[in-house]
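Student: mind looking at a prediction? Sequence and model below.
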Amino acid sequence: LFAFEDIPTMPARARLTLFDGIAADTVIMALRGADETIRESVLAAHGARARRMIEAELGQNVQPLKQDIEAARREIANLALEMAGAGPIQLREEEGAA
């Protein structure tokens, strides 16, 4: 089982691959109300320009519906599961990997 909240446990390379294919609007919606660990893990998977844009959007005082936030988080988690099933990413570090 994998959820949006598990993103910080993913290898950095897998996060880069995952977020390369996700629209910024979806990322922004999913990060609304997310804790700092999740937010930093997701932002670290973006280039400097995209990161600044996402941070600027998150800085705005917008209160989206909770169901919209949950839908964005589900979309990201589902894509991660699909990609892991197809092989391009791992959801967790390999045992014994440093």
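Tutor: Received it, and whenever you're ready, just let me know what you need.
Student: so which residue is dead centre in this structure?
Tutor: Val42 (4.6 Å; CA atoms, centre = their mean).
Student: that one contacts Arg32, doesn't it?
Tutor: No - under the criterion of CB atoms under 8 Å, Val42 is not in contact with Arg32, lying 11.7 Å apart. To be clear about C-beta, it is placed using only N, CA and C from the backbone, and glycine gets the same treatment.
Student: quick one: list the elements packing against the helix or strand hosting Ala50.
Tutor: Taking DSSP states H and E as the criterion, Ala50 maps to helix 48-59. With contacts defined as 3 or more CB pairs under 8 Å, 6 or more residues apart in numbering; DSSP states H and E, the packing partners of helix 48-59 are helix 24-31, helix 36-43.
Student: show me what the helix or strand just after it is packed against.
Tutor: With elements assigned by DSSP H and E, the helix or strand that comes after helix 48-59 is helix 66-86. The helices and strands touching helix 66-86, judged by 3+ CB pairs under 8 Å, 6+ apart, are helix 12-20, helix 24-31.
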